[in-house]
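Student: need the 3D shape of this:
(one chain, ligands or ions: 1)
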Amino acid sequence: MDDTLQDLLRYAAKQGVQLDGITPRRLPGRGYGMVATRDVKEGETVLTVPTRALRTLATVPKAISRKLDRDVTVHGILAAHLVLDDTGDDAAWDAVLPTPDDLEAGMPLLWPAKLRDLLPTPAKAALQKQQTKLTADWVCVKAAFEKEEEEATKEAKAKKEAKEEAADGKRKPWGLTKSNYIRAWLLVNSRTFYYTTPRSEAALPSHDDRIAMQPVADLFNHAADRGCKAAYSAQGFSFVADRVYREGDEVPISYGAHANDALLVEYGFILDENRWDEVSLDAALLPKLSSSPNDIWREDLEAAGFWGNYMIDAATPGGCYRTQVALRRLLAGTTGAVKRAAWQQFVDGGGDGDGDDDESEAIQDQVLECLDEMAETAHKTLAKIERLGKAGVGTDSQRNLLTLRWKQIEAMVAQAAKKLREGDEEEEEEEDEPKREMKKSKKETK
Ligand SMILES: C[S@@+](CC[C@H](N)C(=O)[O-])C[C@H]1O[C@@H](n2cnc3c(N)ncnc32)[C@H](O)[C@@H]1O
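Tutor: The predicted structure follows:
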């Protein structure tokens, strides 16, 4: 085990963090992760983190939190603490945190605009929200701690300090520059745990503010459909094995039921196998829905709360319920009041999507059109990424990640279209079946 990890384990022990049967290790392509040091039984507690080892709003020095007004999120305050901390107490943890280069490779927030423009629709929307929240936090933090004119000087100083740090291996305060703040903010974004206590519940109305950083426990990587169960009490957090792990196995947790677009923007990676993954049809369907006279389809769908977020996944190749509602609105046309009222009734009654055969077929045809369009979009986007690569835009890691995501989309869209078309063929065969049966029985009776 290298010195960095030895230091981290000593630091963990000092904080009262107890590892039992797992240890952090470098893993190819995913930074650090937790690995079983022996066979671990299902139900065993593999890690406990006492409350005193958590980093929450309550542990941010008052000198920092008092200067920040109520507009700054707890996320933003924890990030400010990371950059301003000059105690050196967490040097061992600091040493294993992802570097600026690591973050730049995965986090779309740090990608060049030309690559960000090519993100799939849900990823773009998530990125937009992230940018808005970060900007609001940064504006307040900067106003509280830094005079604008000093920024350039501080940036230069921080670079010099980073070099010195590399030289003597000790943690220095990062310094309050915009790039350091963004790094800290993204680290908080990707390594906090929800932590609701009676106190935080009373003091922090927003669920998003009830968060804690957990040095060491934040080295668990994510798995979509399994992973240790995290639980917390007044004593702190514990992580319990969800199944048997053999010595050397990676031991993950689950960050939640996230599709790959969300994982990409919030955590900077995507999974090859992700049972929560889905593809947005918005890029194909929203323009269709925007083509009615006076924008009546949009108006109706917005009023009913069904505008956008039209998804398909492996289990629903014909589109989610929202897609069905939107397409029913489109098929109800623009002039027929009766059809429009029937659609409204369908929405109000929470219709189950079963319509008459003609309508179901028409909906499916529309979905197939959208799927074909999405396949075309994926194809064109992949070509654009390749061209950007030739023009030297972005790094290989950034472009590879984006390429991989669009290839996943291409495959999911093709799979959905195949399933729908095969479904049609099966139905046709079933319809033909009675005829064949009839012919057969005629022969037999002869
Ligand atoms: C909470 S940290 C986990 C520890 C992290 N690997 C590290 O070295 O600090 C979350 C980050 O780990 C990485 N990560 C987590 N799960 C992953 C996975 N299944 N595949 C690839 N990277 C993963 C991503 O970079 C993510 O932002």
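Student: which residue does the chain have closest to the ligand?
Tutor: Closest contact between the chain and the ligand, by C-beta to the nearest ligand atom, is at residue 31 (2.4 Å). Bear in mind the C-beta positions are built from the backbone N, C-alpha and C, glycine included.
Student: isn't that residue up against residue 97?
Tutor: No. Residue 31 lies out of contact with residue 97 (C-beta atoms under 8 Å); the separation is 9.2 Å.
Student: and the average pLDDT for stretch 141-150 is what?
Tutor: Average pLDDT, stretch 141-150: 75.
Student: scratch that, stretch 339-351 is what I was asking about
Tutor: pLDDT averaged over stretch 339-351 gives 85.
Student: related to what we said a few turns ago, how much space between the residue of the chain closest to the ligand and residue 69?
Tutor: Noted for residue 31: a distance of 34 Å to residue 69, by C-beta to C-beta, to the nearest Å.
Student: mind jotting down where the helices sit in the stretch 251-400 of the chain?
Tutor: 260-267, 282-289, 296-304, 321-331, 337-348, 357-390, 396-445 (DSSP state H, counting those that start in this stretch).
Student: okay if I get those helices as a markdown table plus distance to residue 146 and mean neighbour count?
Tutor: Shown next, in a markdown table, are the helices of the stretch 251-400 of the chain (distance: least, C-beta to C-beta, whole Å; neighbours: other C-beta atoms under 10 Å):
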| stretch | distance to residue 146 | mean neighbour count |
| --- | --- | --- |
| helix 260-267 | 27 | 23 |
| helix 282-289 | 39 | 19 |
| helix 296-304 | 42 | 16 |
| helix 321-331 | 44 | 22 |
| helix 337-348 | 51 | 14 |
| helix 357-390 | 35 | 16 |
| helix 396-445 | 29 | 14 |
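Student: how about the residues of the chain near the ligand?
Tutor: Contact residues (C-beta under 6 Å from any ligand atom) of the chain with the ligand: 30-33, 98, 106, 190-191, 218-219, 221-222, 267-269, 271.
Student: for the stretch 101-250 of the chain, which spans come out with low pLDDT?
Tutor: Residue ranges of the stretch 101-250 of the chain with pLDDT under 70: 147-172.
Student: okay, helices next: where are they in it?
Tutor: Shown for the stretch 101-250 of the chain, the helices assigned by DSSP H, counting those that start in this stretch span residues 113-116, 121-145, 151-168, 178-191, 198-203.
Student: any idea which of these is most buried?
Tutor: Comparing the helices of the stretch 101-250 of the chain by mean neighbour count (mean count of other C-beta atoms under 10 Å), helix 178-191 ranks first with a mean of 21.
Student: which elements pack onto that one?
Tutor: Contact analysis of helix 178-191 by 3 or more C-beta pairs under 8 Å, 6 or more residues apart in numbering; DSSP states H and E lists helix 74-84, helix 100-106, helix 121-145, helix 151-168, strand 211-213, helix 260-267 as its packing neighbours.
Student: can I get it in CSV, CA atoms only?
Tutor: C-alpha atoms of helix 178-191 as CSV (Å, rounded to 0.1, in the frame of the first residue of the first chain):
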residue,chain,number,x,y,z
LYS,A,178,-12.7,30.8,-9.1
SER,A,179,-11.1,27.6,-10.5
ASN,A,180,-10.4,26.4,-7.0
TYR,A,181,-13.9,27.1,-5.9
ILE,A,182,-15.4,25.3,-8.9
ARG,A,183,-13.2,22.3,-8.1
ALA,A,184,-14.3,22.3,-4.4
TRP,A,185,-18.0,22.8,-5.5
LEU,A,186,-17.8,19.8,-7.8
LEU,A,187,-16.1,17.7,-5.2
VAL,A,188,-18.9,18.5,-2.7
ASN,A,189,-21.4,17.8,-5.5
SER,A,190,-20.1,14.3,-6.1
ARG,A,191,-19.2,13.1,-2.6
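Student: got TSV for the helices and strands packed on helix 178-191, with distance to residue 40 too?
Tutor: Output for the helices and strands packed on helix 178-191, formatted as TSV (distance: least, C-beta to C-beta, whole Å):
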stretch	distance to residue 40
helix 74-84	31
helix 100-106	28
helix 121-145	34
helix 151-168	36
strand 211-213	25
helix 260-267	25
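Student: so for residue 177, which of the ones you listed sits nearest?
Tutor: With C-beta to C-beta as the measure, helix 151-168 is the member of the helices and strands packed on helix 178-191 nearest residue 177 (4.6 Å).
Student: which of the residues of the chain next to the ligand are buried? Put it as a PyMOL command.
Tutor: To isolate the buried ones among these in PyMOL, judged by 16 or more other C-beta atoms under 10 Å, type:
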select buried, resi 31+32+33+98+106+190+191+218+219+221+222+267+268+269+271
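Student: tell me who's in contact with residue 311.
Tutor: Contacts for residue 311 (C-beta atoms under 8 Å, 6 or more residues apart in numbering) come out as 278, 279, 280, 281, 319, 320, 322, 323.
Student: from what I can see the third one touches residue 319, true?
Tutor: No. Under the criterion of C-beta under 8 Å, residue 280 is not in contact with residue 319, lying 10.6 Å apart.
Student: no further queries at this time; thank you.
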